[in-house]
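> Fold the following and give me the result.
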Amino acid sequence: MSDRGASSAGGFEFRDQMSSMARERLGTTGIGEMISLVVENGAMSFGAGEPSSDMFPVDLMRDAMERAFCDPDIWGYHHDDFGSIELREWIASRMKQDGIAPDWVGPENILLTNGGGEAISLVTEALIDPGSLILVESPTYTESLLTFRKQGAVCVPVQSDDEGIIPSELERIVSARRARFLYTIPNFQNPSGRTTPAERRMRILDILRENDVALVEDDPYHYLSYDGPPPPSYLKMARDDRRVIHTNSFSKIIAPGLRAGWVVIPPALVKTLSSLRVSAGLGRPLAIQKGILFYMQGIDFERTIAGLCGEYRRRRGVMLDLIAKHLTPMGFCTNRPAGGFFIWGSAPGEADVKEFAHYAVREERIGIIPGSAFYPDGEHGGDGSFRLSYSKVGTDAMEEGMIRLARAWRSYVGAERSKA
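This is a model prediction of the structure:
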(Lines give C-alpha, C1' and ligand atoms only; values in the text may rest on other atoms or scores of the structure.)
Protein backbone atom coordinates (compact mmCIF):
# COMPACT_ATOMS: atom_id res chain seq x y z
CA MET A 1 0.00 0.00 0.00
CA SER A 2 1.41 3.41 -1.01
CA ASP A 3 2.04 6.00 1.68
CA ARG A 4 2.27 8.92 -0.76
CA GLY A 5 0.49 11.91 0.75
CA ALA A 6 0.07 9.81 3.88
CA SER A 7 -1.56 11.18 6.96
CA SER A 8 0.54 12.23 9.91
CA ALA A 9 -0.49 12.88 13.47
CA GLY A 10 -1.94 16.13 12.18
CA GLY A 11 -4.02 14.50 9.44
CA PHE A 12 -3.71 14.15 5.68
CA GLU A 13 -0.96 16.46 4.42
CA PHE A 14 -1.95 16.93 0.72
CA ARG A 15 1.70 16.64 -0.33
CA ASP A 16 0.90 15.27 -3.79
CA GLN A 17 -2.39 17.11 -4.21
CA MET A 18 -1.37 20.72 -3.66
CA SER A 19 -0.99 22.89 -6.75
CA SER A 20 2.33 24.42 -7.69
CA MET A 21 0.70 27.83 -7.25
CA ALA A 22 -0.18 27.04 -3.63
CA ARG A 23 3.22 25.50 -2.95
CA GLU A 24 5.40 28.10 -4.60
CA ARG A 25 3.61 31.43 -4.90
CA LEU A 26 1.49 31.92 -1.80
CA GLY A 27 2.77 33.35 1.43
CA THR A 28 1.98 35.72 4.23
CA THR A 29 2.31 39.47 3.78
CA GLY A 30 4.25 41.84 5.97
CA ILE A 31 1.02 43.63 6.90
CA GLY A 32 -0.66 40.39 7.97
CA GLU A 33 2.37 39.43 10.04
CA MET A 34 2.39 42.75 11.90
CA ILE A 35 -1.36 42.73 12.49
CA SER A 36 -1.05 39.26 14.04
CA LEU A 37 1.75 40.49 16.32
CA VAL A 38 -0.32 43.50 17.38
CA VAL A 39 -3.27 41.28 18.29
CA GLU A 40 -1.09 38.74 20.11
CA ASN A 41 0.52 41.48 22.21
CA GLY A 42 -2.63 43.53 22.81
CA ALA A 43 -0.82 46.49 21.28
CA MET A 44 -1.94 49.88 20.03
CA SER A 45 -1.45 50.18 16.30
CA PHE A 46 -0.43 52.87 13.85
CA GLY A 47 -0.51 50.15 11.21
CA ALA A 48 -4.19 49.66 10.45
CA GLY A 49 -4.85 51.17 7.02
CA GLU A 50 -8.61 51.30 7.29
CA PRO A 51 -11.38 53.75 8.16
CA SER A 52 -12.20 54.54 11.76
CA SER A 53 -15.26 52.68 13.06
CA ASP A 54 -16.66 55.86 14.60
CA MET A 55 -16.93 57.25 11.06
CA PHE A 56 -19.21 54.47 9.77
CA PRO A 57 -22.75 55.72 8.92
CA VAL A 58 -24.31 52.90 10.93
CA ASP A 59 -27.83 54.29 11.37
CA LEU A 60 -28.19 55.46 7.78
CA MET A 61 -26.84 52.16 6.42
CA ARG A 62 -29.17 50.21 8.71
CA ASP A 63 -32.14 52.11 7.29
CA ALA A 64 -30.88 51.55 3.74
CA MET A 65 -30.37 47.84 4.35
CA GLU A 66 -33.85 47.47 5.86
CA ARG A 67 -35.24 49.01 2.70
CA ALA A 68 -33.09 46.67 0.60
CA PHE A 69 -34.37 43.62 2.45
CA CYS A 70 -37.93 44.61 1.57
CA ASP A 71 -37.06 44.23 -2.13
CA PRO A 72 -38.25 40.80 -3.34
CA ASP A 73 -35.56 40.72 -6.05
CA ILE A 74 -32.73 40.12 -3.57
CA TRP A 75 -33.74 36.59 -2.58
CA GLY A 76 -33.07 34.71 -5.81
CA TYR A 77 -30.13 34.53 -8.18
CA HIS A 78 -29.39 37.91 -9.72
CA HIS A 79 -28.86 37.16 -13.39
CA ASP A 80 -26.88 40.29 -14.24
CA ASP A 81 -23.36 39.09 -13.53
CA PHE A 82 -22.04 42.68 -13.44
CA GLY A 83 -24.33 43.47 -10.47
CA SER A 84 -27.14 45.91 -9.79
CA ILE A 85 -27.70 48.02 -12.88
CA GLU A 86 -29.05 50.87 -10.73
CA LEU A 87 -25.88 51.03 -8.63
CA ARG A 88 -23.70 50.81 -11.73
CA GLU A 89 -25.64 53.68 -13.27
CA TRP A 90 -25.09 55.69 -10.09
CA ILE A 91 -21.34 54.96 -10.17
CA ALA A 92 -21.00 55.89 -13.85
CA SER A 93 -22.88 59.15 -13.30
CA ARG A 94 -20.89 60.01 -10.16
CA MET A 95 -17.54 59.30 -11.82
CA LYS A 96 -18.39 61.54 -14.76
CA GLN A 97 -19.71 64.29 -12.50
CA ASP A 98 -16.48 64.22 -10.51
CA GLY A 99 -14.18 64.15 -13.52
CA ILE A 100 -12.96 60.58 -13.00
CA ALA A 101 -14.47 58.90 -16.07
CA PRO A 102 -14.52 59.86 -19.77
CA ASP A 103 -17.71 59.88 -21.86
CA TRP A 104 -17.36 56.28 -23.09
CA VAL A 105 -17.79 54.82 -19.60
CA GLY A 106 -21.32 53.55 -18.96
CA PRO A 107 -22.89 51.00 -16.61
CA GLU A 108 -22.05 48.28 -19.16
CA ASN A 109 -18.36 48.97 -18.41
CA ILE A 110 -18.71 48.70 -14.64
CA LEU A 111 -18.45 45.39 -12.80
CA LEU A 112 -19.33 45.33 -9.10
CA THR A 113 -16.86 43.34 -7.00
CA ASN A 114 -16.20 41.99 -3.53
CA GLY A 115 -14.18 45.04 -2.56
CA GLY A 116 -11.34 46.55 -4.53
CA GLY A 117 -9.29 43.40 -3.92
CA GLU A 118 -11.51 41.25 -6.09
CA ALA A 119 -11.33 43.86 -8.84
CA ILE A 120 -7.53 43.55 -8.83
CA SER A 121 -7.79 39.76 -8.73
CA LEU A 122 -10.10 39.57 -11.76
CA VAL A 123 -7.90 41.93 -13.76
CA THR A 124 -4.87 39.86 -12.80
CA GLU A 125 -6.50 36.66 -14.04
CA ALA A 126 -7.40 38.36 -17.31
CA LEU A 127 -3.96 39.83 -18.06
CA ILE A 128 -1.27 37.66 -16.46
CA ASP A 129 0.23 34.33 -17.50
CA PRO A 130 2.94 32.62 -15.44
CA GLY A 131 6.14 34.49 -16.22
CA SER A 132 4.41 37.66 -17.43
CA LEU A 133 6.25 40.85 -16.57
CA ILE A 134 4.29 43.61 -14.91
CA LEU A 135 5.46 46.96 -13.59
CA VAL A 136 4.74 48.29 -10.11
CA GLU A 137 5.64 51.54 -8.46
CA SER A 138 8.21 51.19 -5.72
CA PRO A 139 6.91 50.87 -3.02
CA THR A 140 3.39 49.55 -3.62
CA TYR A 141 0.46 47.84 -1.91
CA THR A 142 1.59 44.50 -0.55
CA GLU A 143 -1.72 42.65 -1.04
CA SER A 144 -1.67 43.48 -4.76
CA LEU A 145 1.88 42.13 -4.96
CA LEU A 146 0.61 38.88 -3.45
CA THR A 147 -2.21 38.71 -6.01
CA PHE A 148 0.19 39.27 -8.91
CA ARG A 149 2.64 36.71 -7.56
CA LYS A 150 -0.13 34.14 -7.11
CA GLN A 151 -0.94 34.40 -10.81
CA GLY A 152 2.74 33.89 -11.67
CA ALA A 153 3.75 37.43 -12.56
CA VAL A 154 7.27 38.78 -12.41
CA CYS A 155 6.89 42.13 -10.64
CA VAL A 156 9.42 44.73 -11.76
CA PRO A 157 9.60 47.81 -9.52
CA VAL A 158 9.79 51.26 -11.08
CA GLN A 159 11.67 53.78 -8.97
CA SER A 160 9.47 56.51 -7.47
CA ASP A 161 10.05 59.84 -5.78
CA ASP A 162 7.80 62.18 -3.81
CA GLU A 163 5.58 62.61 -6.91
CA GLY A 164 5.20 58.93 -7.70
CA ILE A 165 6.65 56.98 -10.61
CA ILE A 166 9.68 58.63 -12.22
CA PRO A 167 8.90 58.80 -15.97
CA SER A 168 12.52 58.39 -17.08
CA GLU A 169 12.80 55.19 -15.03
CA LEU A 170 9.57 53.87 -16.53
CA GLU A 171 10.79 54.68 -20.04
CA ARG A 172 14.12 52.95 -19.40
CA ILE A 173 12.42 49.74 -18.27
CA VAL A 174 9.64 49.49 -20.87
CA SER A 175 12.02 50.20 -23.74
CA ALA A 176 14.12 47.22 -22.69
CA ARG A 177 11.52 44.71 -21.46
CA ARG A 178 8.05 43.77 -22.67
CA ALA A 179 5.47 44.39 -19.93
CA ARG A 180 1.76 43.53 -19.76
CA PHE A 181 0.71 46.50 -17.63
CA LEU A 182 1.74 49.12 -15.09
CA TYR A 183 0.00 49.00 -11.71
CA THR A 184 -0.29 52.30 -9.87
CA ILE A 185 -2.13 53.90 -6.95
CA PRO A 186 -1.91 57.52 -8.13
CA ASN A 187 -3.72 59.32 -5.31
CA PHE A 188 -2.43 59.31 -1.69
CA GLN A 189 -0.72 56.04 -2.39
CA ASN A 190 -0.67 53.09 -0.07
CA PRO A 191 1.89 52.98 1.53
CA SER A 192 3.71 56.23 0.70
CA GLY A 193 0.87 58.77 0.72
CA ARG A 194 2.28 60.21 -2.53
CA THR A 195 0.17 61.72 -5.30
CA THR A 196 1.28 61.85 -8.93
CA PRO A 197 0.68 65.32 -10.44
CA ALA A 198 -1.26 65.74 -13.68
CA GLU A 199 1.76 66.64 -15.84
CA ARG A 200 3.61 63.52 -14.77
CA ARG A 201 0.52 61.36 -15.34
CA MET A 202 0.31 62.59 -18.91
CA ARG A 203 3.98 61.78 -19.51
CA ILE A 204 3.48 58.30 -18.06
CA LEU A 205 0.49 57.73 -20.35
CA ASP A 206 2.55 58.84 -23.35
CA ILE A 207 5.29 56.35 -22.47
CA LEU A 208 2.76 53.54 -22.12
CA ARG A 209 1.20 54.40 -25.49
CA GLU A 210 4.58 54.45 -27.19
CA ASN A 211 5.38 50.99 -25.81
CA ASP A 212 1.94 49.32 -26.05
CA VAL A 213 1.53 48.83 -22.29
CA ALA A 214 -1.78 48.88 -20.40
CA LEU A 215 -2.35 50.65 -17.09
CA VAL A 216 -4.22 49.44 -13.99
CA GLU A 217 -5.26 52.42 -11.87
CA ASP A 218 -6.17 51.55 -8.27
CA ASP A 219 -7.90 54.61 -6.81
CA PRO A 220 -9.71 53.82 -3.52
CA TYR A 221 -8.57 57.04 -1.79
CA HIS A 222 -9.72 59.41 -4.54
CA TYR A 223 -12.37 61.18 -2.45
CA LEU A 224 -10.19 61.51 0.67
CA SER A 225 -8.38 64.63 -0.55
CA TYR A 226 -7.58 67.22 2.12
CA ASP A 227 -5.65 70.00 0.36
CA GLY A 228 -7.76 70.56 -2.74
CA PRO A 229 -9.05 68.24 -5.47
CA PRO A 230 -6.78 65.45 -6.73
CA PRO A 231 -5.46 65.51 -10.32
CA PRO A 232 -7.60 64.02 -13.11
CA SER A 233 -7.63 60.23 -13.15
CA TYR A 234 -5.58 58.26 -15.65
CA LEU A 235 -8.90 56.88 -16.89
CA LYS A 236 -10.14 60.38 -17.69
CA MET A 237 -6.84 61.59 -19.12
CA ALA A 238 -6.56 58.61 -21.49
CA ARG A 239 -9.92 59.56 -23.07
CA ASP A 240 -10.70 57.27 -26.03
CA ASP A 241 -7.37 55.44 -25.83
CA ARG A 242 -9.08 52.97 -23.46
CA ARG A 243 -5.92 51.28 -22.17
CA VAL A 244 -6.71 52.16 -18.54
CA ILE A 245 -8.51 49.76 -16.21
CA HIS A 246 -9.76 51.63 -13.14
CA THR A 247 -10.55 49.96 -9.80
CA ASN A 248 -12.27 51.58 -6.84
CA SER A 249 -14.09 50.81 -3.61
CA PHE A 250 -16.80 51.89 -1.18
CA SER A 251 -14.62 50.71 1.73
CA LYS A 252 -13.05 54.10 2.45
CA ILE A 253 -16.16 56.25 2.06
CA ILE A 254 -18.76 53.97 3.71
CA ALA A 255 -17.32 50.92 5.52
CA PRO A 256 -14.90 48.11 4.59
CA GLY A 257 -17.10 45.37 6.02
CA LEU A 258 -19.57 45.82 3.16
CA ARG A 259 -16.90 44.36 0.82
CA ALA A 260 -18.13 46.37 -2.14
CA GLY A 261 -16.03 47.78 -4.96
CA TRP A 262 -16.00 48.07 -8.72
CA VAL A 263 -13.81 47.96 -11.79
CA VAL A 264 -14.21 50.08 -14.93
CA ILE A 265 -13.53 47.79 -17.89
CA PRO A 266 -12.53 48.94 -21.38
CA PRO A 267 -14.82 47.47 -24.08
CA ALA A 268 -12.16 45.04 -25.33
CA LEU A 269 -12.18 43.27 -21.94
CA VAL A 270 -15.89 43.25 -21.07
CA LYS A 271 -16.56 39.72 -22.35
CA THR A 272 -13.43 38.35 -20.67
CA LEU A 273 -14.21 39.89 -17.28
CA SER A 274 -17.81 38.70 -17.54
CA SER A 275 -16.63 35.12 -18.04
CA LEU A 276 -14.18 35.40 -15.15
CA ARG A 277 -16.92 36.72 -12.89
CA VAL A 278 -19.17 33.77 -13.75
CA SER A 279 -16.35 31.31 -13.11
CA ALA A 280 -15.78 32.89 -9.69
CA GLY A 281 -19.41 32.50 -8.60
CA LEU A 282 -22.88 33.61 -9.54
CA GLY A 283 -22.75 37.31 -8.78
CA ARG A 284 -22.32 39.12 -5.48
CA PRO A 285 -24.98 39.83 -2.80
CA LEU A 286 -27.65 42.02 -4.35
CA ALA A 287 -28.88 43.03 -0.90
CA ILE A 288 -25.57 44.78 -0.18
CA GLN A 289 -25.59 46.50 -3.56
CA LYS A 290 -29.17 47.69 -3.10
CA GLY A 291 -28.38 48.92 0.41
CA ILE A 292 -25.42 50.93 -0.87
CA LEU A 293 -27.58 52.39 -3.65
CA PHE A 294 -30.32 53.46 -1.24
CA TYR A 295 -27.73 54.95 1.12
CA MET A 296 -26.08 56.92 -1.68
CA GLN A 297 -29.43 58.15 -2.98
CA GLY A 298 -30.39 59.32 0.50
CA ILE A 299 -27.34 61.43 1.38
CA ASP A 300 -25.83 64.69 0.28
CA PHE A 301 -22.71 63.12 -1.26
CA GLU A 302 -20.55 66.24 -1.32
CA ARG A 303 -21.41 67.11 2.28
CA THR A 304 -20.73 63.55 3.44
CA ILE A 305 -17.34 63.48 1.74
CA ALA A 306 -16.51 66.89 3.18
CA GLY A 307 -17.28 65.55 6.66
CA LEU A 308 -15.00 62.55 6.19
CA CYS A 309 -12.22 64.72 4.83
CA GLY A 310 -12.56 67.19 7.68
CA GLU A 311 -12.09 64.54 10.35
CA TYR A 312 -9.24 62.70 8.63
CA ARG A 313 -7.55 66.04 7.88
CA ARG A 314 -7.67 66.78 11.61
CA ARG A 315 -6.17 63.38 12.47
CA ARG A 316 -3.43 63.87 9.90
CA GLY A 317 -2.54 67.22 11.45
CA VAL A 318 -2.41 65.80 14.97
CA MET A 319 -0.16 62.92 13.94
CA LEU A 320 2.19 65.19 12.00
CA ASP A 321 2.46 67.48 15.02
CA LEU A 322 3.23 64.52 17.28
CA ILE A 323 5.85 63.24 14.85
CA ALA A 324 7.52 66.65 14.94
CA LYS A 325 7.43 66.60 18.73
CA HIS A 326 8.56 63.02 19.44
CA LEU A 327 10.27 61.51 16.39
CA THR A 328 11.84 64.32 14.36
CA PRO A 329 14.29 65.27 17.17
CA MET A 330 15.64 61.70 17.03
CA GLY A 331 16.34 61.92 13.30
CA PHE A 332 13.18 60.42 11.80
CA CYS A 333 11.95 61.90 8.52
CA THR A 334 8.36 61.72 7.26
CA ASN A 335 6.31 63.20 4.44
CA ARG A 336 3.05 65.17 4.48
CA PRO A 337 0.38 63.41 2.42
CA ALA A 338 -2.31 65.51 0.73
CA GLY A 339 -4.98 62.91 1.48
CA GLY A 340 -5.67 59.28 2.22
CA PHE A 341 -4.61 57.44 5.36
CA PHE A 342 -0.82 57.10 5.32
CA ILE A 343 2.42 58.82 6.30
CA TRP A 344 5.67 57.40 4.91
CA GLY A 345 8.84 57.75 6.92
CA SER A 346 12.44 56.71 7.31
CA ALA A 347 14.40 55.90 10.44
CA PRO A 348 17.81 57.45 11.16
CA GLY A 349 21.00 55.57 10.44
CA GLU A 350 20.98 52.10 8.94
CA ALA A 351 18.55 50.43 11.30
CA ASP A 352 16.61 47.34 10.28
CA VAL A 353 13.09 48.77 10.62
CA LYS A 354 11.47 45.34 10.28
CA GLU A 355 13.40 44.16 13.32
CA PHE A 356 12.56 47.39 15.15
CA ALA A 357 8.85 47.03 14.32
CA HIS A 358 8.80 43.59 15.97
CA TYR A 359 10.69 44.98 18.95
CA ALA A 360 8.28 47.92 19.36
CA VAL A 361 5.26 45.60 19.46
CA ARG A 362 6.83 43.26 21.99
CA GLU A 363 8.45 45.82 24.27
CA GLU A 364 6.17 48.87 24.09
CA ARG A 365 2.99 47.44 22.55
CA ILE A 366 2.89 49.85 19.60
CA GLY A 367 2.59 48.68 16.00
CA ILE A 368 3.89 50.15 12.75
CA ILE A 369 4.31 48.56 9.31
CA PRO A 370 7.92 48.22 8.12
CA GLY A 371 8.55 49.51 4.62
CA SER A 372 10.02 46.23 3.44
CA ALA A 373 6.47 44.82 3.31
CA PHE A 374 5.72 47.00 0.26
CA TYR A 375 8.49 45.92 -2.10
CA PRO A 376 8.73 42.87 -4.37
CA ASP A 377 10.73 39.97 -2.98
CA GLY A 378 14.44 40.56 -3.27
CA GLU A 379 14.25 44.37 -3.33
CA HIS A 380 15.64 46.05 -0.23
CA GLY A 381 14.66 49.66 -0.89
CA GLY A 382 12.31 49.72 2.06
CA ASP A 383 14.61 48.36 4.74
CA GLY A 384 14.91 51.73 6.49
CA SER A 385 11.32 52.87 5.88
CA PHE A 386 7.97 52.49 7.61
CA ARG A 387 4.29 53.33 7.19
CA LEU A 388 2.12 55.05 9.79
CA SER A 389 -1.66 55.33 9.55
CA TYR A 390 -3.65 58.06 11.30
CA SER A 391 -7.08 56.94 10.11
CA LYS A 392 -8.17 54.50 12.80
CA VAL A 393 -6.51 55.93 15.92
CA GLY A 394 -8.42 58.60 17.79
CA THR A 395 -6.50 61.79 18.42
CA ASP A 396 -6.78 61.30 22.20
CA ALA A 397 -4.77 58.07 21.91
CA MET A 398 -2.25 59.26 19.33
CA GLU A 399 0.15 60.92 21.77
CA GLU A 400 0.37 57.84 23.95
CA GLY A 401 1.15 55.77 20.86
CA MET A 402 3.82 58.23 19.73
CA ILE A 403 5.40 58.27 23.20
CA ARG A 404 5.56 54.47 23.10
CA LEU A 405 7.11 54.53 19.64
CA ALA A 406 9.79 57.05 20.65
CA ARG A 407 10.52 55.11 23.84
CA ALA A 408 10.80 51.88 21.85
CA TRP A 409 13.31 53.49 19.49
CA ARG A 410 15.50 54.78 22.30
CA SER A 411 15.62 51.40 24.01
CA TYR A 412 16.10 49.54 20.71
CA VAL A 413 19.05 51.74 19.75
CA GLY A 414 20.51 51.29 23.21
CA ALA A 415 20.16 47.51 22.97
CA GLU A 416 21.80 47.49 19.55
CA ARG A 417 24.72 49.57 20.82
CA SER A 418 25.24 47.23 23.75
CA LYS A 419 25.43 44.28 21.34
CA ALA A 420 28.14 46.05 19.37
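
> ok, then the element right after the lengthiest strand in the chain?
If you go by DSSP state E, the chain has its longest strand at strand 154-161. Counting by DSSP states H and E, the next helix or strand C-terminal to strand 154-161 is strand 164-165.

> residues in contact with residue 55?
Residues in contact with residue 55 (CB atoms under 8 Å, 6 or more residues apart in numbering) are 308, 311. To be clear about C-beta, it is placed using only N, CA and C from the backbone, and glycine gets the same treatment.

> sorry, back to before: average pLDDT for the longest strand of the chain?
Taken as a whole, strand 154-161 has an average pLDDT of 95.

> Repeat that for stretch 271-279.
90.

> for the closest residue to residue 353 other than its chain neighbours, which residues make a bridge with it?
Among residues not flanking residue 353 along the chain, residue 370 sits closest, at 4.6 Å (CB to CB, 6 or more residues apart in numbering). Beta bridges link residue 370 to residue 386 when assigned by DSSP bridges.

> Give me the neighbour count for the closest residue to residue 383 other than its chain neighbours.
Nearest residue to residue 383 in three dimensions, chain neighbours excluded: residue 372, at 5.6 Å (CB to CB, 6+ apart). By the criterion of other CB atoms under 10 Å, residue 372 has 21 neighbours.

> can you check residue 330 too?
Residues within reach of residue 330, counting by other CB under 10 Å, total 12.

> Provide a list of residues in contact with it.
348, 406, 409-410.

> One more pass at 10 Å, please.
347-348, 406, 409-410, 413 (CB atoms under 10 Å, 6 or more residues apart in numbering).

> now do residue 220
Counting by CB under 10 Å, 6+ apart, residue 220 has contacts 115-117, 119, 141, 185, 187-188, 190, 247-253, 256, 261, 340-341.

> hmm, back to that, the longest strand of the chain: which residues count as buried?
Buried residues in strand 154-161, defined by neighbour count with 16 or more other CB atoms under 10 Å: 154-158, 160.

> Can you tell me which of the contacts of residue 330 has the most neighbours?
Neighbour max across those (other CB under 10 Å) = residue 347, 24 neighbours.

> can I assume that residue is in contact with residue 385?
Yes - assessed by CB atoms under 10 Å, residue 347 is found in contact with residue 385 at 7.7 Å.

> who touches both of those two?
The contact sets of residue 347 and residue 385 overlap at 333, 353, 370-371 (CB under 10 Å, 6+ apart).

> Same list, the residues you listed, but as TSV with neighbour count and distance to residue 222 please.
Formatted as TSV, the shared contacts of residue 347 and residue 385 follow (neighbours: other CB atoms under 10 Å; distance: CB to CB, whole Å):
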residue	neighbour count	distance to residue 222
333	14	27
353	21	29
370	25	27
371	26	24
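
> Which two among those are spaced furthest apart?
The most widely separated members of these, counting by CB to CB, are 333 and 370 (15.5 Å).

> Just the ones of the contacts of residue 220 in strands?
Counting by DSSP E, the contacts of residue 220 contribute 247-249, 261 to strands.

> quick one: which of these is nearest residue 231?
Comparing the ones in strands among the contacts of residue 220 against residue 231 with CB to CB places residue 248 closest, at 15.7 Å.

> tell me the secondary structure for residue 221?
State at residue 221, reduced to three classes by DSSP: H, G, I helix; E, B strand; the rest coil: coil.

> For the one helix or strand residue 207 maps to, name the packing helices and strands.
Element membership of residue 207 [criterion: DSSP H and E] is helix 198-210. Here helix 198-210 touches strand 164-165, helix 167-176, strand 181-184, strand 214-218, helix 234-238, going by 3 or more CB pairs under 10 Å, 6 or more residues apart in numbering; DSSP states H and E.
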